[in-house]
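Q: Kindly generate the corresponding structure for this input.
(3 chains)
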Amino acid sequence: MARTQAKPTTDGPLLQIRNLRIEATVYPPGEAPHDITIVDDVSLKLEKGKVLGLIGESGAGKSTIGLSAMGYGRGGVRITGGEVILNGRDILKGGLGGLRRLRGREVCYVAQSAAAAFNPAHKLMDQVVEAALLHGTASRAEAEKRAINLFRKLSLPNPETIGERYPHQVSGGQLQRVMTAMALCPEPDLIVFDEPTTALDVTTQIDVLAAIKDAIQDTGVAALYITHDLAVVAQVSDEIMVLRNGKLVEWGDTQQIITEPRREYTNQLVSVHQIAHQEKEAVGAPLLKVENVTAAYGGGMVDVLKNVSVEIRPGQTLAVVGESGSGKSTLARAITGLLPPRQGSITFDDRELPARLASRTRDDLRELQMIYQMADVAMNPRQTVGTIIGRPLEFYFGMRGAERDKRVGELLEEIEMGSGFLDRYPAELSGGQKQRVCIARALAAKPKLIICDEVTSALDPLVANGILKLLLNLQEIEHVAYLFITHDLATVKSIADSIAVMYRGEVVRYGPKSEVLAPPFDDYTDLLLSSVPEMEVGWLEKAIAGRKMESAGN
Amino acid sequence: MVTLTRIPFAAALGLVFTLLFVFVAIFAPLIAPYPLSEIVGDVWEPMSSTHLLGTDNLGRDLLSRMIFGARTTIFIAVMATAVSFITGSVLGFTAAVVGGWFDTIMSRFVDLLMSIPTLIFGLVVLSVLPSTILTLVLVMGILDSTRVYRLSRAVAVDINVMDFVEAAKLRGERMGWIIFREILPNALSPLVSELGLRFIYAVLFLSALSFLGLGVQPPEADWGGMVKENKEGIVFGIPAALIPAAAIAVLAISVNLVADWVLNRTTSLKGGRG
Amino acid sequence: MGSSIASLIAQRIALGVLLLLAVSVLIFVGTQILPGDVAQSILGNQATPQALANLREELGLNDPAIVRYFAWLGGVVTGDLGTALTTRQDIATTLMPRLWNTLFLAFWAAVVSVPLAIILGLLAVRYRNGPIDKAISGFALASTSLPEFFVGYLLIFFVAVKLQWFPSISTVYDGMPLLTKLQAIVLPATVLVLVVLAHMMRMTRAAILNVMQSAYIETAELKGLSAFDIIRKHAFPNAIAPIVNVVMLNLAFLVVGVVVVEVIFVYPGLGQYLVDHVAKRDVPVVQAVGLIFAAVYISLNIIADITAILANPRLRHPK
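A: Residues are numbered from 1 along each chain as shown, chains lettered A, B, ... in the order given. Next up, the predicted model:
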């Protein structure tokens, strides 16, 4: 199997992509299949040992460009024009055999979801050394030794034995690092990192990011780092390329892109998190009082919520922050009555809410609305926008016919969409529009409190920003309170009046925003705050050095 | 909206044949040239202008019997499909939405029924029950409803956990709205294509039973029974038994083509939604 | 590590035994307590009261149902399946050679259809959406709609009667030479193969496609592995369980398909034995054969489940 011919090398740039054009055939329902252009006339150059960040929103074509460096088109995507010159030769002209020789030897790939990218049937070590053995760059013993060193370098626990484990026996953050080791093991010239930290919790992301950065520096490998998060890419890359809809927007040195962007679009990306929000003073009686709530699933043994107490004032926003498994969504389920708490009480507008959904009055239900993370599954795909927004009007206020349609039109105006959308189906809307319709549906009930469960996390940053601004405007107009559940601290800063930080089912820090975000911090809040990437070169090193506690996802 | 021109050739062909069979079944007495049981010629006469398909093992006109047989076969299969669909889908939806002990008991019972092959269980039951049309419809319908139950329960469970159903529950909607307005419209397409498959299965099941002599009893005739009547002729090179057998095949393929098209159409719709 | 697997498998087998017990109750209930008097329906309306009383006595119909059930079950467990009402013969002795004949036929049908289905399924995946794939799925669609007797009589009409290559009636008897025996079952086995092939192929295709679309296949591709190595090292270990599942489900299918095929070809197997005695309303025989069919069906399903357990790395290597 071993092919030990010498690897091609060059004195020029390692990778040069010229006028790349990538197309795909789409099969939209009810239309004839046609070709669309995914990447249009993109050129780039990468020197040996350098890191280039590719950044853009979904549909920007960044992953597609990254994979073109390996001559690979995912899901029927075709490279229809341009040249990809790696180590001095155009790899698109080398045929499939030529591509196979370079994949896993000159270029390696790190996927977004390592959990899916590892074969569940084989031990990690067998998969890590596979490419090196296949291409004959090392003997089995050498490759394993190299792998163990890489495991150590990437700060994996038990580097000597972790290779004996199967993928499902290792946590997500660790698996992501094992995948990086797998890419480094054959000692390639280039690694394509495709959103390697996006699926991780924020406190785990920082560790993986640091590990990747160290490994890149120590081995001197070059990298294409693909992500939608400009702050993340600023930590690892030398240069950044901004893409939009398959076209190049701006390409420059990292420092220049994040401090003096030349294009308006780049500027929007850089300043995306800066919504000025003045904290409101905690006046008046609380609208919602959650007192000592403890809850468990299925009458089970483990409490997912432990003795939680929080309050929300009318017209204000409480942000509940935490990582996966912190119990923040469970809190929402307990408040709505979907998961009756085991202990504790929930008081809403001076009346105690019955624990179970079925025993609540129609007014209880009306005044407490909810918006979901995934807008496309939160709307019935068989109902029109008019029906979706009109139903609460019909149900709670008995509005019918023209009166109802008029009100739906007004609500559509409020969410900045207009009554032209009345007869559309959810499938015909964009991600941001879907979420707006969900907001309108909640508003239709004239609620006093809306629970927003990660409502912006599935959206691209600019779209998410629009939604946040809309929510803030609506709060001004309708005087509605929000319980805002999120894992994203930047969002919290933009929208909250008070904050509750949750960790493993408990509220570890709670108070007005200004106090929660001011030192002295408890260990977990410190870790959480210090893990949020900032748009600043060198932030990563400072953050790692200043931390008080190890992240939990390890 | 789907226009006729958009129907692919195979599906259109299936649709034409299916409609033809249904037409023949409905108007059987008007179309058939001879009465069902009248002996009009010699045994196994070949095809001729007076007997387009020849005569059968007793000298009855085969074409007329085929036409009346279409009526019996389709009628029993439709009734059995209706029984299986109504019981299966009502119980399946209820189990999915109500959950709890009702779901557990129903699902375990269905598992039990499905652990015996349908044909075998049908034979066991028919060994003590009289072979009337009513028993056939009930036995076939109930045995087959287990499959409809599983499908509709699975579909409804999937939809029931989606956020838009939760949103409706949080709004305070009643069970009726949730089942008929939120879940059913989204479950309809897979169920419609399953309806076609269940009908085919009913036709094949009934034909097998009649072929084995345990289904429709003489003097009534269905296609499976006609295969049985004429099968002795095969070894003498008389193809009379092949004609009803082919009719069953054509009917089943036609309905299958239509069901397949419906299924593809719904999956592509789903793609558009995602 | 191994113990949890062993206990899972033990659980699955225990569940199967439990299921079989429940099935035996169901079969018993289905044949004994359904509306109408069994003795009456066996003897018909013209039966004298004396004959009815005798038959009731003989069937033990005067005992309570539970007593009768346990008497029957006790017999089954010790290998005593009772006596046939119509022939007065011991059921177990009559049934055994027929069971072997049926298994013989099903075995050869499986030997042909399983590898054929897997190869065709692989071909369909390899040339996905191409003409081969389309032809295979077209054939699959048609053959799931064809009744067994249509295929059977078509074969008899053309191959046995017109061409006279094989006998139209598949007679086998004890001490028949294997080759002659095989020749006798060519036609029925062909029908069985055609009946299960389409289904098995379609499901194999779906199972492999499912695996081939996993992200780890892409990982392997991006390591530079050849198509063959990807299938051998990365797809195959994950496709075993679904494929075995498909095969077992279809063998269960096959066992049922045997009933009609045996009647078509007048083959002396269990299926024909069952059909004959259903028509004669010979309840003890029907119960015994029904239970045997159900037992085979349940066992095949257990084997499928156990393979799935053994092939699942999550269960083989718990955290």
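
Q: List the contacts of the closest residue to C:Val260 other than its chain neighbours.
A: Using CB to CB, 6 or more residues apart in numbering or on different chains and skipping the chain neighbours, the partner closest in space to C:Val260 is C:Glu148 (4.5 Å). (Glycine included, C-beta is placed from N, CA and C.) When contacts are counted by CB atoms under 8 Å, 6 or more residues apart in numbering or on different chains, C:Glu148 is found next to B:208, C:191, C:195, C:257, C:260-261, C:264.

Q: Return the member of these nearest to A:Glu416.
A: C:Val195 (60.9 Å; CB to CB).

Q: who does the host helix or strand of the closest one touch, helix- and strand-wise?
A: Secondary structure from DSSP states H and E places C:Val195 in helix C:186-212. When contacts are defined as 3 or more CB pairs under 8 Å, 6 or more residues apart in numbering or on different chains; DSSP states H and E, helix C:186-212 packs onto helix C:91-126, helix C:131-145, helix C:148-155, helix C:236-264.

Q: pLDDT on the first one, on average?
A: Right, the one you point to is helix C:91-126. Taken as a whole, helix C:91-126 has an average pLDDT of 88.

Q: from the chain's centre, how far out does that helix sit?
A: Taking CA atoms, centre = their mean, to the nearest Å, one finds the center of helix C:91-126 at 9 Å from the center of the full chain.

Q: Please see if that helix touches chain A.
A: No: contact of helix C:91-126 with chain A is not found when judged by CB under 8 Å from any CB of the partner chain; the minimum separation is 15.1 Å.

Q: now do the second one
A: No: taking CB under 8 Å from any CB as the criterion, helix C:131-145 and chain A are apart, separated by no less than 15.6 Å.

Q: among the helices and strands of chain B, which has the poorest mean pLDDT?
A: Taking mean pLDDT, DSSP states H and E as the measure, the helices and strands of chain B show their lowest mean at helix B:242-273, namely a mean of 74.

Q: Which positions in it come out as buried?
A: B:242-263, B:265-266, B:273 (16 or more other CB atoms under 10 Å in any protein chain shown).

Q: Stretch A:242-262 now?
A: Within stretch A:242-262, the residues scored as buried using 16+ other CB under 10 Å are A:242-244, A:246, A:248-252, A:254, A:257-258, A:261.

Q: Then stretch C:155-164?
A: C:155-157, C:159-161.

Q: how far out from the middle of the chain is that stretch?
A: For stretch C:155-164, the distance from its own C-alpha centre to the chain's C-alpha centre is 27 Å (CA atoms, centre = their mean).

Q: and A:Leu449, what is it in contact with?
A: Under the criterion of CB under 8 Å, 6+ apart, the contact partners of A:Leu449 comprise A:287-288, A:312, A:348, A:367-369, A:480-483.

Q: how far away is it from A:Ala518?
A: A:Leu449 sits at a distance of 27 Å from A:Ala518 (criterion: CB to CB, to the nearest Å).

Q: Would you map the helices across the stretch 51-200 of chain B?
A: B:62-98, B:100-114, B:118-126, B:133-160, B:163-171, B:175-177, B:184-211 (DSSP state H, counting those that start in this stretch).

Q: elements contacting the fourth one?
A: Put plainly, it is helix B:133-160. Checked by 3+ CB pairs under 8 Å, 6+ apart, helix B:133-160 has helix B:62-98, helix B:100-114, helix B:118-126, helix B:184-211 packed alongside it.

Q: Good, wrapping up.
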